[in-house]
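What follows is a predicted structure for the sequence shown.
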Amino acid sequence: MSKRIKVLKTYKIFIDGKFPRTESGRYTQLKKDNIPIANICLSSRKDIKNAVLSARNAFESWFSKSAYNRSQILYRIAEILEGNKNQFIQELILQGEDSKKAILEIDYSIDRIIYFAGWPDKINPIFGSVNPVASSHFNFTILEPMGVVGIIAPEENSLLGLISSIIPVILSGNTCVAIVSEKLPLCAISLAEVISNSDVPNGVVNIITGNKDELAPHLAQHMDVNALGLNIENKELKNQIFLRASNNLKRLVDVSKYNIQDSNFESPYIVKKFMEAKTTWHPIEKDFTSSNNY
Amino acid sequence: MSSKIKSLKYNGKWDFSPSIESVENLSIKKEYQLFINGQFQKPAANKYFSSINPSNEQQLSRIAKAESKDVNLAVSSARDAFNGHWRKISAKERAKYIYRIARIIQEKSKELAIVETLDGGKPIRESRDVDIPLTSAHFFYYAGWADKLKYAFPNRNPKPLGVVGQIIPWNFPLMMAAWKIAPALATGNTVVLKPAESTSITALLLAEIIKESELPPGVVNIITGDGSTGNLIVNHPDVNKIAFTGSTEVGKSIMESISGTNKRSTMELGGKAANIIFEDAPLDQAVEGVINGIYFNQGHVCCAGSRLFIQESVYDVVLRKLKDRMQSLLVGNPLDKNTDIGAVNSKQQLATIHKYINIGVKEGADIFQLNCELPNSGYWCPPTLFTNVSQSHSIAKEEIFGPVLAVQTFRTTKEVINKANNTPYGLSAGVWTDKGSKAFNLASKLKAGVIWANTYNKFDPTSPFGGYKESGHGREGGLHGLSPYLNIE
C-alpha cells in the first residue's frame, strides 16, 4: 500500500466571515528548520480597508444583540475550541512550542474565553450608575461599545494573546480587525475557522496576517476605526501608531504592560477600556408631592 | 404652507426697565500675577497681556504671561508638593481642604458672578444661576469622594497619577476650572492649570480662594498665558497627564504632541449636536429647549444643539414658534438681569461667527436673524437661524461656537438617526418626543456621550459629561470622572 499523501492546509485571511486570499496576491513562506510549513498571506492596505468596512457593517447588529446572546455566542467559541484542541496543539508544536506548553496555552485560552463569556450582562450593573442630580431629572450612565476596534495582537503567546486581545473587545458589542502575530500566525487562522463556526456574525472578528510594520500604521490612521488595542514590544512602531491615531482621536489602549498569562489579566477593567460612557437625562414631572428620589 | 401661518409681530421692541447688577464694591486688580507654589509672583520675563471686557472693549486688567521659566517653576512646585506633603496628608484631610474651597466660592458667589460676566460677556443671569453654583457644587461633590475611592473601583487600589496639566477654555471659565481641579485634588494629584487667555480673571480669584483655604503650597498652581504657555505645559516632561477642554483641532495636536510619551489624557472637545423634534413632542417645551440649546451663553457651548432636526409634519408650526420665541430674546448689556444674550467673548470669535454666517448665505441657506438694536461698542451677534440647510452645508458640519442654528427636516426615525450620527463629533444630542419607547430608542442609537431627552443643556456634578468620536475621550463629573485621574491597574 502506498503511503497516503497528506492534504496540506491553505492559510488564508478572515474578512466578513469569508476566507479570501489577500487582494495583493502576496505571500510569505513560514518555515521550520528550513522546511516550509505553510504559506501565509502578506495582506495589504486594501485588505485592512475591506476588513474595517466589514467590521463597521457588522457593528450595529452585533451591538443590538442582547448581552445574554453575546454571552452565549462567546461560550460557543470556547465549546468549539475545546473540540478542536488537538489541531491547535499540533499547530503550536509546529510553530516551535514544546507539547507541554502547547497544551497549557490552549487550556488557558479556552478558560479565558469562558471567563469573559460571563461578563456581557454584568458590565453595566458594575460600571453603570444612576446619578442623583440636584434638578428634577432622572439621570443614568451606561457603558456602550465604541464601535470598530483595531487590534495589534502580541507576537508571543500567539493563541492566548490573540484571544485575550479579541474577546474583551467584542464582548461588549464592539467589532474588530486584528493584525496577528507575524512570526506565529497559524493558530490565528485556525481560530478564525472556530469563530466562523460559532454563531459569531460575519464581520464581528476580522483577522489579517502579514507584515506588522507595513499594516499597523494603515490600521492606526483609518478614519473609521474608533479605538486601538495594542500589544506590541517594538517602541518605534508603537510611537508611529500613536502619532497616526491622533488623526481622528482614536482611543488608545496599550495592553503591552500586562502579562497575558497572568490571571490578573482577567478583569472587567480591560473590557471597560473599550467602552464609552453615555449619560441620559429625562425630566421628572414635579407636583406638590414629588421630590427627587433617584 | 408657511405663509398661511401667522407670525406674531414684535417689531423688534420688547422693552424692560433695565436692572443692572452693581459693580460698586467690586475690586478687579490692575494687574494679576502667576499663582505658583502658594504665592502670587511676577512672570520671569515680566510680560503681560490685557484682559478685555467684550461688551465695551475696555481693558479690565493686565494678566501675567507665563513663559518657559514660569511653567518649569509651576511644574516643579506641583511635583514637590506631590512628593512631599500632599501625598502624606490623609484622604480625609484632603477632603476638608476641597470642602473649604467649595464653601468660600459660595460665600463669594456674587462677586465671582459679576467678574465672570464682565470678563467673558455672558449674561449675569447665567453666571449667577448656572456657572457659579455649579462651580461650588463641583468642589463639594468631589470633596466627598477623596476618602471613598476604593468604593469606586471594586477589587482595585487606586493611586494618583502625579502632576496634571490642565488647560481650559473661555466659555465657562470658572466652572471649567472646577471641573478640572476638583477631581484632580480629590484623587490626590497636584495641578498646573492654565485658563484661557481672554478669561483669566476668575481663575486668579479662584487662586486667591485656594490660598485662603490654606491648601498646601504647590498643590494647585494657576498660570496664565496664551496657546504657547499651554504648549509648554503639554510638552513638559514632568507632567503625568494632560486634561484639555477646547477645540478638536487643538485636541488632535495635543494628542500628537504627547504620542510616544507615557502621559495620560482626557479631551473635552468640540461638538455639533443634533436636537431632534418629533411630531408627537410637546412643541412649546421643545422650542424652549431648542432656544436654550443654541442661544445659551451666546452659543459658546461645546454641547450646543447647533443642528435642529424637525419632523416634516410639524416643521411649519415649530419654525413659527421658534421665530416668535427668538424675537422675545433680549440682547445687550450682560450685567442687566433681563439680558438673555450677552456679548460674544472676543473679537476673534465674532469674526469666526461672521465668517460662518457668510458661508451659510453663500452656500444657499436662508437666514433669519433677530432684528434688534445692538450696543455701539463691544462684540455682538444677534440670534441667528438658517433654514433650507442640507447635510453637506458647512454650517451643518462644522462647529461655529456662536448663536447660529442650522435647521433641517426628516421624515422617519431611521433617517434622523442616520443624519444625526453623520458627523465626526459625538458630544451630546437632544430628543423631543412624548413617547417613552421612542426616546429610549433614540437615546441608545445616538452616538453621543450625553443625551438630553425632553430637556437640554443640563449639567450636574454627579452626572458624567464627555464625548464619543472626535468630541474627545474621558468623562468629567460623577463616578466616571474619577478614573481619568487615577491609576487603577
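Nice, I can see it. Note that this is a predicted model, so its numbers are computed, not measured.

C-alpha from now on. contacts and neighbour counts both.
Will do.

Show me where the stretch 101-250 of chain A has its strands.
When secondary structure is read from DSSP state E, counting those that start in this stretch, the stretch 101-250 of chain A shows strands at A:129-130, A:137-145, A:148-152, A:175-179, A:205-208, A:227-230.

So residue 55, which state does it fall into?
Let's take chain A. Secondary structure state of residue A:55, per DSSP: H, G, I helix; E, B strand; the rest coil, is helix.

Wait, chain B was what I had in mind.
Look at residue B:55: counting by three-state DSSP, its state is coil.

hang on, it packs against residue B:376?
No. Look at residue B:55 against residue B:376 with C-alpha atoms under 8 Å: they stay out of range, at 9.5 Å.

returning to what we had before: deepest in the core, which of the strands of the stretch 101-250 of chain A is it.
strand A:175-179 (a mean of 31; mean count of other C-alpha atoms under 10 Å in any protein chain shown).

That strand pairs with which strands, and in what direction?
Paired neighbours of strand A:175-179 in the sheet (DSSP bridges): strand A:148-152 (parallel), strand A:205-208 (parallel).

Tell me how far the longest one lies from the chain's centre.
Using C-alpha atoms, centre = their mean, to the nearest Å, the mean C-alpha position of strand A:148-152 is found 7 Å from that of the whole chain.

before we move on, what about stretch B:142-161?
26 Å.

Check stretch A:162-173 too.
Centre-to-centre, stretch A:162-173 and its host chain are 4 Å apart (C-alpha atoms, centre = their mean).

can you list contacts of it?
Stretch A:162-173 has contacts (C-alpha atoms under 8 Å, 6 or more residues apart in numbering or on different chains) with A:59, A:62-64, A:67, A:70-71, A:74, A:109, A:112-113, A:116-117, A:119-120, A:144-145, A:147, A:149, A:151, A:153-154, A:175-176, A:178, A:180, A:188, A:204-205, A:229, A:260, A:270-271, A:274-275.

What parts of the stretch 151-294 of chain A come near chain B?
For the stretch 151-294 of chain A, the contact set with chain B under C-alpha under 8 Å from any C-alpha of the partner chain comprises A:226, A:238-240, A:242-244, A:246-251, A:276-283.

Are any of the residues you listed buried, and if so which?
A:226, A:238-240, A:242-244, A:246-251, A:276-282 (16 or more other C-alpha atoms under 10 Å in any protein chain shown).

Quick check: chain neighbours aside, which residue is closest to residue 128?
Just so you know, I chose chain A. Residue nearest to residue A:128 in three dimensions, not counting chain neighbours: residue A:142, with 4.6 Å by C-alpha to C-alpha, 6 or more residues apart in numbering or on different chains.

Correction: the question concerned chain B.
Of all residues not flanking residue B:128 in the chain, residue B:113 sits nearest, at 5.1 Å (C-alpha to C-alpha, 6+ apart).

what's the neighbour count on the one you found?
25 (other C-alpha atoms under 10 Å in any protein chain shown).

The one 5 residues further on now?
Neighbourhood size, residue B:118 [other C-alpha under 10 Å]: 25.

Could you measure from residue A:113 over to residue A:195?
12 Å (C-alpha to C-alpha, to the nearest Å).

and for these two, which residues touch both?
Contact criterion C-alpha under 8 Å, 6+ apart; residues shared by residue A:113 and residue A:195: residue A:77.

which residues does residue B:128 contact?
Residue B:128 sits next to B:109-110, B:113-114 when contact means C-alpha under 8 Å, 6+ apart.

And the furthest pair within these?
B:109 and B:114 (8.6 Å; C-alpha to C-alpha).

between residue B:55 and residue B:376, who's got more neighbours?
Comparing residue B:55 with residue B:376 by other C-alpha under 10 Å, the one with more neighbours is residue B:55, at 27 against 9.

nearest spatial neighbour of the more buried one, skipping sequence neighbours?
Per C-alpha to C-alpha, 6+ apart, closest to residue B:55 is residue B:378, 4.2 Å.

Count the neighbours of that neighbour for me.
Residues lying near residue B:378 (other C-alpha under 10 Å) number 21.

residues touching the residue nearest to residue B:128, list them.
Residues counted as contacts of residue B:113 (C-alpha under 8 Å, 6+ apart) are B:124, B:127-128, B:131-132.

Among those, which ones are in helices?
Those of the contacts of residue B:113 mapping onto helices are B:124, B:132, per DSSP state H.

what would the contacts of residue B:113 look like in JSON lines with pLDDT and distance to residue B:232?
Listed next are the contacts of residue B:113 as JSON lines, based on pLDDT from 0 to 100; distance: C-alpha to C-alpha, whole Å:
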{"residue": "B:124", "pLDDT": "98", "distance to residue B:232": "34"}
{"residue": "B:127", "pLDDT": "98", "distance to residue B:232": "31"}
{"residue": "B:128", "pLDDT": "97", "distance to residue B:232": "34"}
{"residue": "B:131", "pLDDT": "98", "distance to residue B:232": "28"}
{"residue": "B:132", "pLDDT": "98", "distance to residue B:232": "29"}
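
Is residue A:39 located within a strand, as I assumed?
Yes. The assignment for residue A:39 (three-state DSSP) places it in a strand.

Can you pull out the low-pLDDT segments for the stretch 151-294 of chain A?
Along the stretch 151-294 of chain A, the model assigns pLDDT under 70 to residues A:288-294.

would you list every one of the helices in the stretch 151-300 of chain B?
Taking DSSP state H, counting those that start in this stretch as the test, the helices found in the stretch 151-300 of chain B are B:173-186, B:201-212, B:227-235, B:248-258, B:283-295.

and of those helices, who's closest to chain A?
helix B:248-258 (5.3 Å; C-alpha to the nearest C-alpha).

how about that closest one: buried residues?
B:248, B:250-256, B:258.

check these against chain A, which are close?
Applying C-alpha under 8 Å from any C-alpha to these, those adjacent to chain A are B:252-253, B:255-256.

Residue 35 pairs with what?
Since you didn't name a chain, this refers to chain A. residue A:32.

The chain in question should be chain B.
Counting by DSSP bridges, the residues bridging with residue B:35 are residue B:40, residue B:222.

what about it, how many residues close to it?
Neighbours of residue B:35 (other C-alpha under 10 Å): 29.

Do I have it right that it meets residue B:222?
Yes. Residue B:35 is within contact range of residue B:222, at 5.0 Å (criterion: C-alpha under 8 Å).

Need the overlap of contacts for these two.
Both residue B:35 and residue B:222 are in contact with B:204, B:207, where contact means C-alpha under 8 Å, 6+ apart.

and residue B:429, what does it touch?
For residue B:429, the contact set (C-alpha under 8 Å, 6+ apart) comprises B:273-276, B:303, B:305, B:446, B:448, B:450-452.

so which strand or helix has it?
Assigning secondary structure by DSSP states H and E places residue B:429 in strand B:428-432.

strand partners of that strand, parallel vs antiparallel please.
When sheet partners are counted by DSSP bridges, strand B:428-432 sits next to strand B:274-277 (parallel), strand B:450-453 (parallel).
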